[in-house]
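1. What follows is a predicted protein model with its sequence.
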Amino acid sequence: MWQAPNPAASEFIPKGGPSTRMASVSQSSMPAFSTALFSHQSLGNATAAALAPGMSLSAGSSPLHSPKITPHTSPAPRRRSHTPNPANYMVPTSASAPGSDPAAQSSAHIIQKETVGGTTYFYTDTTPAPLAGMVFPTYHIYPPTAPHVAYMQPKANAPAFFMADELRQELINRHLITMAQIDQSENPGVPTEVDSYHSLFPLEPLPPPNRLQKASNFSYITSCYKAVNSKDDLPYCLRRIHGFRLVNTKCMVLVDMWKKIQHSNFVTLREVFTTKAFGDHSLVFAYDFHAGAETMFSRHFNDPSADSYFTKRKWGQHDGPLPRQHAGLLPESLIWAYIVQLSSALRTIHTAGLACRVMDPTKILITGKTRLRVNCVGILDVLTFDNSQTNPLALMAQYQQADLISLGKVVLALACNSLAGIQRENLQKAMELVSINYSSDLKNLILYLLTEQNRLRSVNDIMPMIGARFYTQLDASQMRNDVIEEDLAKEVQNGRLFRLLAKLGTINERPEFQKDPSWSETGDRYLLKLFRDHLFHQVTEAGTPWIDLSHIVSCLNKLDAGVPEKISLLSRDEKSILVVTYADLKRCFDNTFQELLSAANGQL
C-alpha cells in the first residue's frame with residue numbers, strides 16, 4: 001500500500017517557542033493618583049402544567065423524574081442536545097403522514113421510543129424534522145474555515161487541525177504558571193499552609209525580613225502569592241498585608257459588598273481573613289487568580305528611556321514634538337480600548353455604592369494584548385476604615401470623585417507613554433503632546449477628568465466623549481470571539497480522537513490477558529492490530545514512511561461512526577489480505593475494550 005506524500009504532515013509539530021511571563025504586581029514609588037491637577041476657572045407561564053416534552057406516556061412519569069434512572073442517562077435530554085439526524089426519526093404519526101395538511105406536518109411532533117436500563121420510554125421529540133432530501137455525513141468531516149473568519153487575513157500556514165500557535169502558547173504559559181510550585185527547603189519563609197490555602201507560590205520578589213520602607217499605595221509592606229484553596233481546589237491570589245492587626249470587624253460590611261459584585265474588568269475579591277502563619281499579625285485578601293497577567297506599569301512604563309525622552313525634549317520649538325509614530329507613543333485606538341474597560345469597571349463599582357481607590361498603573365493587570373482588570377479592590381477600604389464613622393459609606397462620594405481624577409492621570413500617562421507626564425511641573429508639556437498627536441476628544445476627556453468642579457461628576461459623563469469608539473471596541477471584541485471560536489472548532493473533536501487512540505493502545509500488543517499470551521494476536525484483536533498498522537505504518541512505493549495526519553483522522557472518524565465502507569487490511573508478511581468494514585472494526589473494538597474494562601472492574 002502506498003500513497004502520495006501529504007504536506008499536512010508538518011502539522012504534527014506545533015510551532016511556537018517557549019516563553020513565560022509571571023504575573024508582576026510590583027509596587028511603584030510614584031505618588032498616589034488622588035489629587036486634582038487642574039482647578040476649574042469659571043465654576044465656583046401556563047404551559048408549565050401541561051405535558052412537557054420528555055414526559056413518559058406509558059409509565060406516568062418522565063425520564064427526568066424516574067426514580068430508577070438519573071436525568072443524565074434519560075433519553076430526552078440527550079436528544080435535545082444532539083444535532084438532528086434523520087436516522088433517529090421513527091415513522092411519522094398520522095399528523096405528518098403523506099397527503100396530510102402541510103401546515104399540520106410542520107407543527108406535528110414525532111413520538112420517539114427508546115429503551116434505557118431495561119425501561120422503555122416514549123417521548124415527544126420537538127426537534128424540527130429534516131427537509132426532504134437532506135443528507136448528513138455518516139461520520140465526522142472537518143468543515144472549512146468560516147468565511148467571515150477566513151477574510152480576516154489569518155496567518156499563512158496556520159494549522160488546519162489545531163488552534164493557532166500563538167493562542168496555544170499563551171494558554172500553555174498560563175497553565176505552567178498556575179501549576180508552578182516552590183522548593184520549600186529553599187524558601188523557609190513561605191509557610192506550607194495559610195488558613196485553608198496551601199501550595200503558596202510568590203508572584204513577586206519577597207520583601208527583606210527587616211525592611212523598614214512601606215509601599216506607597218497602601219502604607220504597609222505587602223506581598224503576593226498564588227495559592228490553592230483546599231475547599232474547592234482552585235487557585236487564588238493572596239495579597240498579604242504585613243503587620244496589620246484588625247481591631248474592628250465593622251469594615252467587613254464593605255468586604256461583603258465587594259464580594260457581591262463581579263465584573264470582567266476588575267479582579268473579584270473572594271474573602272478576607274487574618275493569620276499568624278507568617279510569624280506576625282497579617283491581613284490576607286484572597287482574589288481570583290489570573291495566570292500570566294502583568295501590570296500596566298511593567299507593560300508600558302518600565303522603560304527609563306521613555307521618561308528621559310519626555311523630560312529632556314525641548315518644548316516650544318517651532319516644529320513641535322515629533323509625530324506619534326516617531327515618538328514611540330501608543331496608538332490612540334489602544335488608549336481608547338483601555339478607557340472603555342476602565343470606565344466600565346468604575347461604572348459598576350460606583351453603581352454598587354463603592355469606590356475603586358486603586359486606579360493606578362501598578363494595580364491594573366493586563367492579560368493577553370489589551371484585556372484589563374483592576375486589582376487590589378477593597379484593600380484601602382479595610383486599611384483606612386474609620387471606626388468613629390457611624391456610616392461606613394459616608395466618604396464614598398468623595399472617593400468616587402478621586403477615582404475619576406486617578407482615571408484621568410492614567411489616561412494622560414498612557415498618552416505620554418511616560419509617568420513623568422502626570423507630574424505637576426510637566427502638565428503643560430503633556431497636554432501639548434496630547435493636542436499634537438491625538439484627537440480633540442481624548443484631550444477633552446483628560447481635561448474633564450483632571451479638572452476640579454463644584455458639582456459631583458459621574459463616570460457616565462465621559463460616555464459622550466467615548467462616543468462611537470465604544471462600538472469599535474465591541475466590534476473588535478466580537479471579531480476576536482469569532483477567531484477563538486474558529487480555533488476551538490479545530491480542537492473540538494481532538495479529545496474524542498484521543499480517547500479512541502487511548503482505547504486502541506490498551507488493546508494492541510498487550511503481552512498477556514487472562515493468562516493467554518497470544519490474546520492480542522488472535523480473533524478480533526488481530527483485526528485491530530492490522531488496523532493499527534493501516535493507521536500508522538503506511539509506506540510509499542519506494543518503501544519510505546508515509547505520514548499523513550488527514551488519513552489518520554479520517555480513518556479514526558470512520559471507525560468511531562462504524563460506517564459501512566470497506567477497508568483492506570494487509571498482514572505484515574503480506575501473505576493475506578482481510579477485507580472488512582469499519583462497522584465490523586467498531587464491533588471488534590467495542591467488544592474487546594469492554595472485555596478489558598470488565599476484567600479491570602473484577603467482573604470476569
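-> That came in fine, so what should we check first?

2. all helices of the stretch 501-604 of the chain, in order?
-> 523-536, 549-561, 582-600 (DSSP state H, counting those that start in this stretch).

3. just so I know, which of the ones you listed lies nearest Ser568?
-> Closest of the helices of the stretch 501-604 of the chain to Ser568 is helix 523-536, at 8.5 Å (criterion: CB to CB). C-beta coordinates here come from the backbone N, C-alpha and C atoms, glycine included.

4. Dump the helices of the stretch 501-604 of the chain into CSV; add distance to Lys515 as well.
-> As requested, these are arranged in CSV below (distance: least, CB to CB, whole Å):
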stretch, distance to Lys515
helix 523-536, 15
helix 549-561, 29
helix 582-600, 11
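
5. looking at those helices, which is closest to Ala352?
-> Proximity to Ala352, assessed across those by CB to CB, is greatest for helix 549-561 (49.9 Å).

6. got the buried residues for that closest one?
-> Leu549, His551, Ile552, Val553, Cys555, Leu556, Asn557, Lys558, Leu559, Asp560, Ala561 (16 or more other CB atoms under 10 Å).

7. quick one: low-confidence parts of the stretch 101-250 of the chain?
-> 101-110, 117, 125-131, 153-161, 209-217 (pLDDT under 70).

8. how about the helices in it?
-> 102-107, 147-150, 165-179.

9. Could you single out the most deeply buried of those?
-> helix 165-179 (a mean of 16; mean count of other CB atoms under 10 Å).

10. Summarise which helices and strands that one is packed against.
-> Helices and strands touching helix 165-179, as assessed by 3 or more CB pairs under 8 Å, 6 or more residues apart in numbering; DSSP states H and E, are absent.

11. And the helices of the stretch 101-250 of the chain: which comes nearest Leu329?
-> Short answer: helix 165-179, nearest of the helices of the stretch 101-250 of the chain by CB to CB, at 25.2 Å.

12. which of the buried residues of helix 549-561 lies closest to Ile507?
-> For those, the closest approach to Ile507 (CB to CB) belongs to Leu559, at 12.5 Å.

13. Thought Arg499 was touching the closest one, still the case?
-> No. Using CB atoms under 8 Å, Leu559 makes no contact with Arg499, being 11.9 Å away.

14. Could you list the low-pLDDT ranges of this structure?
-> Using pLDDT under 70, the flagged stretches of the chain are 1-110, 117, 125-131, 153-161, 209-217, 306-327, 604.

15. Which helix in it has the most residues?
-> Ranked by residue count and defined by DSSP state H, the top helix of the chain is helix 469-491.

16. So which bits of that one are buried?
-> Within helix 469-491, judged by 16+ other CB under 10 Å, the buried ones are Arg469, Gln473, Val483, Glu486, Asp487, Lys490.

17. Among these, which one sits closest to Met179?
-> Taking CB to CB as the measure, Asp487 is the one of the buried residues of helix 469-491 closest to Met179, at 22.5 Å.

18. what's the neighbour count on the closest residue in space to that closest one that isn't next to it in sequence?
-> Nearest residue to Asp487, sequence neighbours excluded (CB to CB, 6 or more residues apart in numbering): Met163, at 3.8 Å. Met163 has 20 neighbouring residues, counting by other CB atoms under 10 Å.

19. if I read this right, Met163 contacts Asn494, doesn't it?
-> No. Contact criterion CB under 8 Å: Met163 and Asn494 do not qualify, at 9.6 Å.

20. and of the helices of the stretch 101-250 of the chain, who's closest to Asp232?
-> The closest of these to Asp232 is helix 165-179. By CB to CB, the value is 14.4 Å.

21. Could you check the angle that closest one makes with helix 469-491?
-> Calculated by axes from the mean of the first three to the mean of the last three CA atoms, to 10 degrees, helix 165-179 forms an angle of 90 degrees with helix 469-491.

22. quick one on the thing from earlier: would you mind saying which of the helices of the stretch 501-604 of the chain lies nearest Leu569?
-> Nearest to Leu569, of the helices of the stretch 501-604 of the chain and by CB to CB, is helix 523-536 at 3.8 Å.

23. Distance to Leu597 for the buried residues of helix 469-491 - can I get that in JSON lines?
-> Below are the buried residues of helix 469-491 laid out as JSON lines (distance: CB to CB, whole Å):
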{"residue": "Arg469", "distance to Leu597": "58"}
{"residue": "Gln473", "distance to Leu597": "51"}
{"residue": "Val483", "distance to Leu597": "40"}
{"residue": "Glu486", "distance to Leu597": "36"}
{"residue": "Asp487", "distance to Leu597": "34"}
{"residue": "Lys490", "distance to Leu597": "31"}
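
24. which element follows the strand or helix carrying Gln401 toward the C-terminus?
-> Using DSSP states H and E, Gln401 sits in helix 396-416. Note on helix 396-416: by DSSP H and E, the next helix or strand toward the C-terminus is helix 427-437.

25. Test my guess that Asp381 contacts Gly353.
-> No. Under the criterion of CB under 8 Å, Asp381 makes no contact with Gly353, lying 11.6 Å away.

26. where do the contact lists of those two overlap?
-> With contacts defined as CB atoms under 8 Å, 6 or more residues apart in numbering, no residue is shared by Asp381 and Gly353.

27. Of the two, which one has the most company?
-> More crowded of Asp381 and Gly353, by other CB under 10 Å: Asp381, with 23 against 13.

28. Relative to Ser219, how far out is that one?
-> Relative to Ser219, Asp381 is positioned 14 Å away (CB to CB, to the nearest Å).

29. Over to Asn375?
-> Relative to Ser219, Asn375 is positioned 17 Å away (CB to CB).

30. Look up how far Leu234 lies from the one residue sitting closest to the centre of the chain.
-> Nearest to the mean C-alpha position of the chain, by CA atoms, centre = their mean, lies Leu171 at 8.7 Å. Distance of Leu171 to Leu234, given as CB to CB: 17 Å.

31. got it, and Val228?
-> Counting by CB to CB, the gap from Val228 to Leu234 is 7 Å.

32. of those two, who's got more company?
-> More crowded of Val228 and Leu234, by other CB under 10 Å: Val228, with 20 against 11.

33. I'd like to know how far the residue nearest to Leu238 when sequence neighbours are not counted sits from Ala345.
-> Take Leu238 and drop its neighbours on the chain: the residue closest to it by CB to CB, 6+ apart is Tyr225, 4.6 Å away. As for Tyr225, its distance to Ala345 is 24 Å (criterion: CB to CB).

34. Doesn't Asp280 belong to a helix?
-> No. The assignment for Asp280 (DSSP: H, G, I helix; E, B strand; the rest coil) gives coil, which keeps it out of a helix.

35. now the end-to-end length of stretch 351-360.
-> End-to-end distance for stretch 351-360, by CA to CA, to the nearest Å: 20 Å.

36. list the buried ones in that stretch?
-> Leu354, Ala355, Cys356, Arg357, Val358, Met359, Asp360.

37. what does stretch 427-442 give?
-> Under the neighbour-count criterion of 16+ other CB under 10 Å, stretch 427-442 has Lys429, Ala430, Met431, Leu433, Val434, Asn437, Tyr438, Asp441, Leu442 buried.

38. which one of those is nearest Thr592?
-> Leu442 (67.7 Å).

39. so who does that closest one touch?
-> Glu332, Ile335, Trp336, Val411, Ala415, Val434.

40. Next: Gln401.
-> Gln401 is in contact with Leu456, Arg457, counting by CB under 8 Å, 6+ apart.

41. do Val253 as well
-> By CB under 8 Å, 6+ apart, the contact set of Val253 is Pro392.
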